[in-house]
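*Asks:* predicted model and sequence below, questions to follow.
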Amino acid sequence: MNLEVKSLSTESEITLDLFGMTCANCALRIEKGLNKQEGVQEARVNFARETAYVKYKDSIQKEDLYLKVKSLGYSASEHSEANKNISEEKHREELKKLKQRFIISALLSLPLLYSMVSHVSFLSFLPLPAVFMHPWFQFLLASPVQFWIGFPFYIGAYRSLRNGSANMDVLVVMGTSAAYFYSFIFSLLVGIQSSDIFFLKIYEHAEHLGHSTFPALYYETSAVLLTIILVGKWIETVVRGQSSQAIQALFELKAPLAKIKKQDDWVEVPSEYIKVKDWIMVTAGEKIPTDGIVREGESSVDESMLTGESLPVEKKTNSKVLGGTINGNGTLMVEAEKVGSDTVLASIIRTVEEAQGSKAPLQKIADKISAVFVPVVVFLALADFLLWLFVIEPGNFSGALEKAIAILVIACPCALGLATPVSLLVGTGKAATRGILFRNAESLELAASIDTIAFDKTGTLTEGKPFVVNYKSNVDEKDQDKQNKILQIFASIESGSEHPLAKAVVNYAKDKSLSLLPFADIVVESGGGVSGKVQDWKISIGKLSFLNSNNISIESDLQELASDWERKGSTVFYAYAFFDNSNNQAIFALEDKLKQGSIEAIRALVALGIKPVLLTGDNEITAQKIAEKVGIQKVYASLLPKDKLDRINELKSQNFKVGMAGDGINDAPALASADLGIAMGTGTDVAIETAGVVLVKGDLERLVDVIKISRSTVKNIRQNFFWALGYNALGIPIAGIGLLAPWLSGAAMAFSSISVVLNALSLKLKKD
């Protein structure tokens, strides 16, 4: 039995928090190692967030993943809300250690840094104590920096080489070790010649010594380099901690406590204890602890933190409220509808985390570059060393070494690894605060290239709450009982459909105080209509073509009236009910209001160079009227779901980058086929799950933000690539020809990482 159960279970997913990474190559190594682990289906490591997403077969345990990460020289633990505090504590501890190491390293390196002025002729007027230039004085200061402060780099380089790859640590260790050991060997030889091996001795007549008394050594190079690199590491770690502020802010939206009704009393409990159907009292100014429905009271609720809606939303009986939003000046009695991981807030957090943990196509390019970058740089440094030593300046070992060290140091690929993920963290976090959810990084990148967006009408451009404006049946108008009976039957069969038009008929019947009857044998044809039975009545209701396909003919006078309604801009559908030779027919005219902001949104998208297209199952006349109101010129009407799919594929075949915005089940095929699916958060679960972008509130003005945020994020990533690769492209040749001292190379390398993260953070300041 156990074996059978195990075979049915296929795979699991887990997100890990990773510890000990020092650069992008570390992330690549962990990713490759996990992907090679037997039973792992997919592994993605995000260096900026220090997490790994792993999909694995149930033939292995998550403990196997921890052990694999440990074998690579790092540590891992499961990422969860409960584990969040542990991760934060480890991050704070890492920052504290980095700060301590930097302070000690800076104090030891400052005298060495001061001694560097001896290499700059225009600063030779500065007083320079002879002791600062003494080989053994420099040795005593540089050694703790090299082997104590720099010990983590040695560990990282060892792990990297042991696993058959090379990372930034390898370059740092090679460059600083070459400088240090060259200087040590030279110091030792000088010490032997001067009988000053074990004791620091200031030579006689030291006051007469010039700056060139001692040979050129590179203790200051190794020590100052490590100090500068630590500065970059410290800043990177701070930024990585701050880069997930969007998720942290979302976590903090949760109300820690809730007042729930227990018999006749209100009891305050942790919000995690809320169950579906519990009644919750939310007083003025309090956070709403979970998703629910208002049962008593009226108030305005600030939903800006989830939907980006700047104005408070009025709530009354039967209104839906979201967990994490803030109640205004009234008291609400809310019945819990969704709790825990099922709430909208939990879904947003989950989606943002998944998006920030995924990789954009641009990041994959960076990963490929990083994988070969270090070996190439080592080769270039060695080649440059040999060229200087044997060709350009034969026998000048120290000069050749200095240039090789400069190449090794300036080429560290850390900034390249940060270029994409840090920008994605900021971009997706910024989008989330505006009620926009990118399901993955690829969707965010794709949105920047979209030049055409196809819109569904109902629920996308319009509110999706159509209402019946006209109704006519072939039943004798004087027979009110039969009129009501037929309408009741039509509404009853429509209650089995989720389509907005069906709900409009149900509401129309309820407004006339007609109750719904049980239905049976219901068949829903997407984009066509509904058929089934109510009591002994056989019913079909939907488009005229749907009824005709079922060999049902509608009376000509009803068709003429329907055409007149359509010319006035109404959506019309037809209904047929048959029982005991009674052939009853009816037509419904429905209208829907444009969403507030639809006209402005389309206008703004056109200004951004986006071509809007309308795809709707509605009739041509109604579709054209809606299109004219919002400013859409290209219209495809009377479409079935397959037709919408065909139109999307047709646009793609014309080399357009196509987005599809929709909200219904019938939009799902088109959403999936489009380059970018954009779902209204107010729509069906199928549409939301199919799309790459979700607008939480279904507000089209947020679609404008999607394009703007995506474009600014992709632009930011490309700028980061320029900063990351520009330093190397410019710095390696300059270092190779001897115009860049090693310590300047280190400063340039550190500044490249700092410039990347600062540029990414500038996204927060953009008012897109």
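*Replies:* Alright, I've got the coordinates. Numbers count the residues shown, from 1 in each chain.
*Asks:* CA atoms for contacts and neighbours, from now on please.
*Replies:* OK.
*Asks:* residue 374 - that's part of a helix, no?
*Replies:* Yes: according to DSSP: H, G, I helix; E, B strand; the rest coil, residue 374 belongs to a helix.
*Asks:* what is the burial count for it?
*Replies:* When neighbours are defined as other C-alpha atoms under 10 Å, residue 374 has 23 of them.
*Asks:* over to the one 10 residues further on?
*Replies:* The number of residues packed near residue 384 is 22, by other C-alpha under 10 Å.
*Asks:* surely it and residue 404 touch.
*Replies:* Yes: contact status for residue 384 versus residue 404: in contact at 6.2 Å, counting by C-alpha atoms under 8 Å.
*Asks:* need the overlap of contacts for the two.
*Replies:* Jointly contacting residue 384 and residue 404 under the rule C-alpha atoms under 8 Å, 6 or more residues apart in numbering are residue 736.
*Asks:* show me how far the longest helix seen in the chain is from its chain's centre.
*Replies:* Criterion DSSP state H: the longest helix present in the chain is helix 701-736. From the chain centre to the centre of helix 701-736 is a distance of 17 Å (C-alpha atoms, centre = their mean, to the nearest Å).
*Asks:* counting by contacts, list what it packs against.
*Replies:* helix 397-410, helix 414-419, helix 421-432, helix 441-447, helix 598-607, helix 742-761 (3 or more C-alpha pairs under 8 Å, 6 or more residues apart in numbering; DSSP states H and E).
*Asks:* list the buried residues in the first one.
*Replies:* Taking 16 or more other C-alpha atoms under 10 Å as the neighbour-count basis, helix 397-410 is seen to contain the buried residues 398-410.
*Asks:* quick one, strands of the stretch 401-550 of the chain?
*Replies:* 436-438, 452-455, 467-473, 519-525, 529-534, 537-542 (DSSP state E, counting those that start in this stretch).
*Asks:* next one: stretch 71-82 to chain centre, how far?
*Replies:* Put simply, stretch 71-82 sits 21 Å off its chain's centre (C-alpha atoms, centre = their mean).
*Asks:* pLDDT on that stretch, on average?
*Replies:* Model confidence over stretch 71-82, given as mean pLDDT, is 75.
*Asks:* quick one on the thing from earlier: how about the helices and strands packed on helix 701-736, which one is nearest residue 483?
*Replies:* When the helices and strands packed on helix 701-736 are compared by C-alpha to C-alpha, helix 598-607 sits nearest residue 483, at 37.9 Å.
*Asks:* which SSE is immediately downstream of the closest one?
*Replies:* Using DSSP states H and E, the helix or strand that follows helix 598-607 in sequence is strand 611-615.
*Asks:* ok, then the element right after that next one?
*Replies:* Helices and strands here follow DSSP H and E; after strand 611-615, the next one along the chain is helix 620-630.
*Asks:* quick check: angle from that following helix to strand 611-615?
*Replies:* Note on geometry: by axes from the mean of the first three to the mean of the last three C-alpha atoms, to 10 degrees, helix 620-630 and strand 611-615 are set 150 degrees apart in direction.
*Asks:* indicate which one of the helices and strands packed on helix 701-736 is closest to residue 515.
*Replies:* Among the helices and strands packed on helix 701-736, helix 598-607 comes nearest to residue 515, with 35.6 Å by C-alpha to C-alpha.
*Asks:* touching that closest one from outside, list them.
*Replies:* 461, 462, 611, 612, 629, 630, 631, 632, 700, 701, 703, 704.
*Asks:* gap between the last one and residue 448?
*Replies:* For residue 704, the distance to residue 448 equals 11 Å [C-alpha to C-alpha, to the nearest Å].
*Asks:* equivalent analysis for the fifth one, please.
*Replies:* From residue 629 across to residue 448, the span is 27 Å (C-alpha to C-alpha).
*Asks:* angle of the longest helix of the chain against helix 421-432?
*Replies:* Using the same axes, to 10 degrees: helix 701-736 against helix 421-432 is 170 degrees.
*Asks:* and helix 701-736, average pLDDT?
*Replies:* On average, the pLDDT along helix 701-736 is 85.
*Asks:* and of the helices and strands packed on helix 701-736, who's closest to residue 569?
*Replies:* Comparing those against residue 569 with C-alpha to C-alpha, the closest turns out to be helix 598-607 (17.7 Å).
*Asks:* so how far is that closest one off the chain centroid?
*Replies:* On C-alpha atoms, centre = their mean, the centre of helix 598-607 falls 25 Å from the chain's centre.
*Asks:* then stretch 436-453?
*Replies:* 11 Å.
*Asks:* do stretch 586-594 as well
*Replies:* 39 Å.
*Asks:* going forward, begin numbering at 845 instead of 1
*Replies:* Renumbered: residue one is now 845, and that last one reads stretch 1430-1438.
*Asks:* what comes into contact with stretch 1182-1196?
*Replies:* Contacts with stretch 1182-1196, where a contact means C-alpha under 8 Å, 6+ apart, come from 1091, 1094-1095, 1116, 1118-1120, 1134-1136, 1150, 1166-1168, 1272-1273, 1276, 1281-1284.
*Asks:* for ChimeraX, what selects the buried ones among these?
*Replies:* Only the buried entries of those go into this ChimeraX selection, using 16+ other C-alpha under 10 Å:
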select :1091,1094,1118,1119,1134,1135,1136,1150,1166,1167,1168,1272,1273,1276,1281,1282,1283,1284
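*Asks:* low-confidence ranges in the stretch 995-1144 of the chain?
*Replies:* For the stretch 995-1144 of the chain, the stretches with pLDDT under 70 are 1007, 1009-1012, 1015, 1030-1061, 1076-1077, 1079-1095.
*Asks:* all the strands of it, residue numbers only.
*Replies:* Assigned by DSSP E, counting those that start in this stretch, the strands in the stretch 995-1144 of the chain fall at 1101-1106, 1109-1114, 1123-1126, 1135-1140, 1143-1146.
*Asks:* among those, which is nearest residue 1346?
*Replies:* Closest to residue 1346 of the strands of the stretch 995-1144 of the chain, according to C-alpha to C-alpha: strand 1135-1140, at 22.7 Å.
*Asks:* still on that earlier bit, now the angle from the longest helix of the chain to helix 1442-1451?
*Replies:* When the same axes, to 10 degrees is applied, the directions of helix 1545-1580 and helix 1442-1451 differ by 30 degrees.
*Asks:* buried residues in helix 1545-1580, which are they?
*Replies:* For helix 1545-1580, a neighbour-count test (16+ other C-alpha under 10 Å) marks 1545-1558, 1560-1569, 1571-1572, 1575-1576, 1578-1580 as buried.
*Asks:* what does stretch 1384-1397 give?
*Replies:* 1384, 1385, 1386, 1387, 1388, 1390, 1391.
*Asks:* same question for stretch 937-956.
*Replies:* Buried residues in stretch 937-956 (16+ other C-alpha under 10 Å): 938-939, 942-943, 945-946, 949-950, 952-956.
*Asks:* in TSV, list these along with distance to residue 1415, pLDDT and secondary structure.
*Replies:* Shown next, in TSV, are these (distance: C-alpha to C-alpha, whole Å; pLDDT from 0 to 100; DSSP: H, G, I helix; E, B strand; the rest coil):
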residue	distance to residue 1415	pLDDT	secondary structure
938	63	74	helix
939	63	77	helix
942	67	81	helix
943	68	83	helix
945	72	86	helix
946	71	86	helix
949	75	88	helix
950	75	87	helix
952	80	90	helix
953	79	85	helix
954	79	85	helix
955	83	86	helix
956	82	80	helix
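*Asks:* what about residue 1425, neighbour count?
*Replies:* Quick note: residue 1425 (other C-alpha under 10 Å) scores 6 neighbours.
*Asks:* repeat that for the one 4 residues further on.
*Replies:* Burial of residue 1429 is recorded as 22 neighbouring residues (other C-alpha under 10 Å).
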